[in-house]
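In: need a structure here:
(chains A and B)
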Amino acid sequence: GQQLNQSPQSMFIQEGEDVSMNCTSSSIFNTWLWYKQDPGEGPVLLIALYKAGELTSNGRLTAQFGITRKDSFLNISASIPSDVGIYFCAGRAGTASKLTFGTGTRLQVTL
Amino acid sequence: NAGVMQNPRHLVRRRGQEARLRCSPMKGHSHVYWYRQLPEEGLKFMVYLQKENIIDESGMPKERFSAEFPKEGPSILRIQQVVRGDSAAYFCASSPTGGPNEQYFGPGTRLTVT
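Out: As a prediction, this is how the structure comes out:
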């Protein structure tokens, strides 16, 4: 089946630093979504991307839909303590409605 | 506008019992998806339903698991004769339509099988 690999798996950063993470696929996706999950909660949608090359921002978050349609990137600028959590990419292929989730990037912020 | 609601939030069942998980989609959403998450893993798709129809159940185990989304009331994910391996977090998501739309997730039901 389709697999989405996220990197890095985890990262420690200092408050105020910028963060970059990415998601790669073995096959083409038509939609990329980025979610954040806090412990004991459901994923919260951050950004949705629908076109190859699309660059979309949501506050301090910026995400891009890779040109090859096999990858996506998420950047967080000027990180703050509440950015702590697990970030998941999710993709939708073909005409399917189901989402394939990545393995997650765990972000921890030190003061 | 209320978000996706799931209940119960936590459910403990002994091996062999039945588990029923409920999901009420966001207002105006008629498409429901169920996902399962094991500890330290991403979410895995199970089933996609519209009112009274199962659209895609390619991720559902062939036995013991069933799902429904009746004309009235919440969507139900039912697990019969639970085993320890069924212990996981089960999330429901909803969208206003199918296809390339954002899916909004509920808080999940954490099932523990003892």
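In: I'd like to know how far A:G91 sits from chain B.
Out: Distance of A:G91 to chain B, computed by CB to the nearest CB, to the nearest Å: 11 Å. Quick note: C-beta positions are derived from backbone N, CA and C, even for glycine.
In: next, that residue: phi, psi?
Out: phi -130, psi 150 (degrees, to the nearest 10).
In: what's in contact with stretch B:26-39?
Out: With contact meaning CB atoms under 8 Å, 6 or more residues apart in numbering or on different chains, stretch B:26-39 is reached by A:97-99, A:101, B:1-4, B:23, B:25, B:43-51, B:67, B:69, B:75, B:77, B:88-98, B:101, B:103-105, B:108.
In: same check on stretch A:37-57?
Out: Against stretch A:37-57 from outside (CB under 8 Å, 6+ apart): A:30-36, A:58, A:61-69, A:72, A:74, A:85-88, A:104, B:4, B:6, B:43, B:91, B:100, B:102-108, B:110.
In: for B:P100, give me the pLDDT.
Out: pLDDT, B:P100: 65.
In: thought A:S25 was touching A:D71?
Out: Yes. Counting by CB atoms under 8 Å, A:S25 touches A:D71, with 6.7 Å between them.
In: more crowded one of those two?
Out: Using other CB atoms under 10 Å in any protein chain shown as the criterion, A:S25 and A:D71 rank with A:S25 on top: 22 against 19.
In: can you tell me the closest non-neighbouring residue to B:L11?
Out: Closest residue in space to B:L11, ignoring its immediate chain neighbours: B:L111 at 5.0 Å, by CB to CB, 6 or more residues apart in numbering or on different chains.
In: from A:M21, how far off is that neighbour?
Out: According to CB to CB, to the nearest Å, B:L111 stands 30 Å off from A:M21.
In: which residues touch the nearest residue to B:C23 once chain neighbours are set aside?
Out: Among residues not flanking B:C23 along the chain, B:C92 sits closest, at 3.4 Å (CB to CB, 6+ apart). With contact set as CB under 8 Å, 6+ apart, B:C92 has these partners: B:4, B:6, B:21, B:23, B:25, B:32-35, B:75, B:77, B:105-106, B:108.
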